[in-house]
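> Provided below for reference: sequence and predicted model.
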Number of protein chains: 2
Amino acid sequence: MKHEADPDDAEPTSSPQAAGGEAVLRGKATINDVARLAKVSKKTVSRVINESPFVKQKTRDAIKAVIAELGFTPDPQARALARRKSFLVGLVYDNPSPQYVVNIQRGILDALEGTDFQLVLHPCDRSKPDHVARIQSFIQQHKPFGLILPPSVSEDEPLALALNEADVDYVRIASVELDTPSRMIRTLDGDGGAAAGRHLADLGHRNIAHIHGPLSFRSTHERRAGFERALAEAGLGLRPEMAVEGGYTFEGGVAAAEHLLAQPHPPQAIFAGNDEMATGAYVAVRRAGFRIPEDISIVGFDDTPIAGRLWPALTTVRLPIREMGSAAATLLLQTADGMTTKKFITFSPEIIVRGSTAAPEGQ
Amino acid sequence: MKHEADPDDAEPTSSPQAAGGEAVLRGKATINDVARLAKVSKKTVSRVINESPFVKQKTRDAIKAVIAELGFTPDPQARALARRKSFLVGLVYDNPSPQYVVNIQRGILDALEGTDFQLVLHPCDRSKPDHVARIQSFIQQHKPFGLILPPSVSEDEPLALALNEADVDYVRIASVELDTPSRMIRTLDGDGGAAAGRHLADLGHRNIAHIHGPLSFRSTHERRAGFERALAEAGLGLRPEMAVEGGYTFEGGVAAAEHLLAQPHPPQAIFAGNDEMATGAYVAVRRAGFRIPEDISIVGFDDTPIAGRLWPALTTVRLPIREMGSAAATLLLQTADGMTTKKFITFSPEIIVRGSTAAPEGQ
DNA sequence: ATTAGGATTGACACCGGTGACATTTTCGAA
DNA sequence: TTCGAAAATGTCACCGGTGTCAATCCTAAT
């Protein structure tokens, strides 16, 4: 290090009004303050902030000491401006279930904690014709570091295509392989459906029905396919009239279950594609005068809090949504670290047996 | 306007690679492009962007035309850097109910739609000793334009004090007047409690119980006070042993209801301080072999979706949470407009009568 | 026609960092 | 001891706006 006169001109004097002594918490230290105190150029400080490997250990330590002393934190806006990339992670969603949304958020926030990134919400309405354009303009304006797309936004291929054009990273959460390649969190919904089918078959049910979601959701097909697979393995089958759509909604579940119960041979057990519809089935079953689980067993999917609050509590299939959100964010940030990036992380569902399923009584 | 040579050097040539003609959607126009095309200084463009009144109408129109032609949108990061204030609105929350959180978010997003502001999430844990410090450092770093504090964060006076020191605007959502002055969304929880009490009294119940929330929540007291007031007006009273805490949770509701049912004179009706606890009461009442509403009527508070999905559906008191979120954000943004700012907006709850309440049978 | 004072507009530095590239160190090999 | 390439650090312009204050343009009044 070269220094001639070397007066102790080291106080952070950038702010004119900073007359007093330590500017530790007043008015926020800047990279210039750090540079002056450490007697290096701001560029070198910048290198330290960004973990560049091209800084001598000794210099790095000295700078880090000054940073700690000053309580310096780099200004996200300034960095964003210079890098043309903000420190925002966007959650783009179009999901009716608050439970799902909140858990995904929580998971992402878990992973973002302690980083420089912030989570911004960007709900969208896939039914609107301009929804892709809106997301594009959001990206253009705010230059988010990356996006996280849970279902059903994750299944939007036109959007994925647009995103590949744009200058954003993104991670998708979905139950199937998707056409457009991207990093993703993969959930094995099929295995969940299979677990439900196996559970019911093991209990001794033979006449089993299914209330599924909208055909436009990939998860609808995954869950049903796994379910049918398990039934087949148990030597059973799903008769066509025993499979009804419930639209993933409560009302749809009520209607679907009423339809099933009106059949000549009503089912002994019902597997609903989500808890919402299972809850609807509860209402229809009760209205029709049947008992749960003595007369009819019911299984849901998702393990939303309502499942534990019903009476009897609902047997259901759970996905670790919060962990999935966290994994998605982690995957996204790996780019930032320059680490080798895993493309996939897979999560398996698990069946939670509670009070809504039992062996058939008439057996 | 003065111009001498006036060559048509008007193409946005800032980006070197912008060889072609219209740079309308490529690489994003900047304020410099607008200034050049409009033949004014960038400062004047800045004035137009910020709706400064000191711009001649003619100039303003010309600049606006160029802005439209170029599809120019100002860069939030650059603006934030220069103004030392970002375009983020922070939602600081510590609320166990996903339903509540999502609706508040939705409301805020409704109000933010079409503005330059983005919503960032900042959950916190009030039980941690450093939670105020964390929020402070969030503010220091990200310089949010403002914060929105729903309950119970809104009731955190130390936080409010710290916020007044810091350079942030904020709006609180709460059920009571708070010590620290600030703009706020006020909910009349007391009126909701009164509505519940009146409804039950009108049905003819005399032996009425209450399951309330934690004493640390202001809403607990508000709801109870209103409830007792209504009972008093009906010539009834709430006997001390008929008021039990349920902690605002499902499990707490189960336990509290069990406690009530174990009394020598079990209640004919129960008003639970929220739906969560009401749901717990359902379970306890059923386990004890009573019917709803024939033997026991139940009223909740909040009108979460679960209320409509129970069987029978839950009579409850509803607050327009989404609208409240929207109002909070609107209130916050008024500062930006420089408009005269209302300090308060008040929302009243409304009772939703469904299947869980009926006149007592034994009457 | 001239002029004062408000209405408009512009010049320029600066916000707090980063990128590209130049310069200086450092250190083993010759 | 000297030299050259790699390692470390510095220079300087620029990211895209805004604040401050000076300059210019108008308009009505003199």
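Perfect, thanks for sending it.

> next SSE after the strand or helix carrying residue A:308?
Here residue A:308, judged by DSSP states H and E, is contained in helix A:305-309. Helices and strands here follow DSSP H and E; after helix A:305-309, the next one along the chain is strand A:316-318.

> from the rest of the structure, what touches that following strand?
Applying C-beta atoms under 8 Å, 6 or more residues apart in numbering or on different chains, the contact partners of strand A:316-318 are A:192-193, A:195-196, A:275, A:278, A:299-303, A:307, A:349-352, A:354. C-betas here are computed from N, CA, C, even on glycine.

> which ones among those lie within strands?
A:299, A:350, A:351, A:352 (DSSP state E).

> the contacts of strand A:316-318, buried ones only, as a PyMOL selection?
Buried members of the contacts of strand A:316-318, defined by 16 or more other C-beta atoms under 10 Å in any protein chain shown, are picked up in PyMOL with:
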select buried, chain A and resi 192+193+195+196+275+278+299+300+301+302+303+307+349+351+352+354
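
> which helix or strand contains residue A:210?
strand A:208-212.

> average pLDDT for the helix holding residue A:308, rounded please.
What helix A:305-309 shows for mean pLDDT is 92.

> near chain B at all, that helix?
Yes: contact of helix A:305-309 with chain B (C-beta under 8 Å from any C-beta of the partner chain) involves A:305, A:306, A:308, A:309.

> can you tell me what sits against that helix?
A:99, A:275-276, A:278-279, A:300, A:313-314, A:316, A:352, A:354, B:98, B:250, B:279-280, B:283, B:306, B:309.

> hmm, the helix or strand bottoming out on mean pLDDT in chain A in reach of chain B?
Using mean pLDDT, DSSP states H and E, the weakest-scoring helix or strand in chain A turns out to be helix A:321-337, at a mean of 88. No: counting by C-beta under 8 Å from any C-beta, chain B has no neighbours in helix A:321-337; the shortest distance is 11.0 Å.

> mind checking the end-to-end distance for stretch A:140-156?
Taking C-alpha to C-alpha, to the nearest Å as the measure, stretch A:140-156 stretches 19 Å from start to finish.

> quick check: closest non-adjacent residue to the residue nearest in space to the middle of chain A.
The centroid of chain A falls nearest to residue A:325 when counting by C-alpha atoms, centre = their mean (3.1 Å). In space, and not counting its chain neighbours, residue A:325 is closest to residue A:107: 2.4 Å by C-beta to C-beta, 6 or more residues apart in numbering or on different chains.

> now do the helices in the stretch 151-300 of chain A.
With DSSP state H, counting those that start in this stretch, the ranges of helices along the stretch 151-300 of chain A come out as A:157-165, A:189-203, A:218-233, A:250-261, A:275-287.

> what's the closest non-adjacent residue to residue A:192?
residue A:349 (3.3 Å).

> any figure for the gap between the one you found and residue A:226?
Distance of residue A:349 to residue A:226, computed by C-beta to C-beta, to the nearest Å: 9 Å.

> next one: residue A:299
Separation of residue A:299 from residue A:226 (C-beta to C-beta): 12 Å.

> okay, and the common contacts of the two?
residue A:196.

> residues contacting the residue nearest to residue A:325?
For residue A:107, the contacting residues are A:321, A:322, A:323, A:324, A:325, A:326, A:327, A:328, A:329, by C-beta under 8 Å, 6+ apart.

> I'd say residue A:154 and residue A:174 touch.
Yes: contact status for residue A:154 versus residue A:174: in contact at 4.3 Å, counting by C-beta atoms under 8 Å.

> who has more neighbours, the two?
Neighbour totals were compared for residue A:154 and residue A:174, and residue A:154 leads with 26 against 22 (other C-beta atoms under 10 Å in any protein chain shown).

> quick one, phi psi at the closest residue to residue A:285 other than its chain neighbours?
Leaving aside its sequence neighbours, residue A:285 sits nearest to residue A:296 (C-beta to C-beta, 6+ apart; 5.3 Å). Per-residue torsions, residue A:296: phi -140, psi 130 (degrees, to the nearest 10).

> name the residues of chain A found near DNA strand C, please.
By the rule C-beta under 7 Å from any atom of the strand, the part of chain A lying against DNA strand C is A:2, A:14, A:28, A:30-32, A:42-43, A:46, A:49-50, A:72-75, A:78-79, A:81-83.

> hmm, which of those are the buried ones?
With burial judged by 16+ other C-beta under 10 Å, the buried subset of the residues of chain A next to DNA strand C is A:28, A:30, A:31, A:46, A:49, A:72, A:74, A:75, A:79, A:81.

> residues contacting the third one?
Okay, so that is residue A:31. By C-beta under 8 Å, 6+ apart, the contact set of residue A:31 is A:42, A:45, A:46, A:49, A:72, A:74.

> could you do residue A:149 as well?
Residue A:149 makes contacts with A:92, A:93, A:156, A:159, A:170, A:171, A:172, A:173, as judged by C-beta under 8 Å, 6+ apart.

> distance check, it against DNA strand D.
26 Å (C-beta to the nearest atom of the strand, to the nearest Å).

> residues of the stretch 1-150 of chain A that sit close to DNA strand D?
Residues of the stretch 1-150 of chain A found near DNA strand D (C-beta under 7 Å from any atom of the strand) are A:39-44, A:47, A:53-56, A:58-60, A:78, A:81-82, A:84.

> got a quick ChimeraX command for the buried subset of those residues?
Applying 16+ other C-beta under 10 Å to those, the buried members can be selected in ChimeraX as follows:
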select /A:39,40,44,47,55,59,60,81
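
> from the residues of the stretch 1-150 of chain A next to DNA strand D, which are also near chain B?
Applying C-beta under 8 Å from any C-beta to these, those adjacent to chain B are A:78, A:81.

> out of the residues of the stretch 1-150 of chain A next to DNA strand D, list just those in strands.
Among these, none falls in strands (DSSP E).

> and residue A:154, how far from DNA strand C?
Counting by C-beta to the nearest atom of the strand - residue A:154 and DNA strand C are separated by 29 Å.

> one more: residue A:305?
Distance of residue A:305 to DNA strand C, computed by C-beta to the nearest atom of the strand: 42 Å.

> and what of residue A:189?
As defined by C-beta to the nearest atom of the strand, residue A:189 lies at a distance of 40 Å from DNA strand C.

> tally up the residues packed near the closest residue to DNA strand C within the stretch 151-300 of chain A, please.
Closest residue of the stretch 151-300 of chain A to DNA strand C, C-beta to the nearest atom of the strand: residue A:167 (13.3 Å). Close neighbours of residue A:167, defined as other C-beta under 10 Å, add up to 11.

> am I right that it is in contact with residue A:139?
Yes: contact criterion C-beta under 8 Å: residue A:167 and residue A:139 qualify, at 7.5 Å.

> circling back to that earlier point, which of the contacts of residue A:107 count as buried?
Taking 16+ other C-beta under 10 Å as the criterion, what is buried in those is A:321, A:322, A:323, A:324, A:325, A:326, A:327, A:328, A:329.

> out of those, the closest to DNA strand C would be?
Ranked by distance to DNA strand C (C-beta to the nearest atom of the strand), the buried ones among the contacts of residue A:107 are led by residue A:329 at 20.9 Å.

> element containing residue A:345?
Residue A:345 belongs to strand A:344-347 when elements are defined using DSSP H and E.

> since we're on the residue of the stretch 101-250 of chain A found nearest chain B, how many residues are nearby?
Evaluated by C-beta to the nearest C-beta, the stretch 101-250 of chain A has residue A:102 as its residue closest to chain B, separated by 3.8 Å. Neighbour count of residue A:102, defined by other C-beta under 10 Å: 22.
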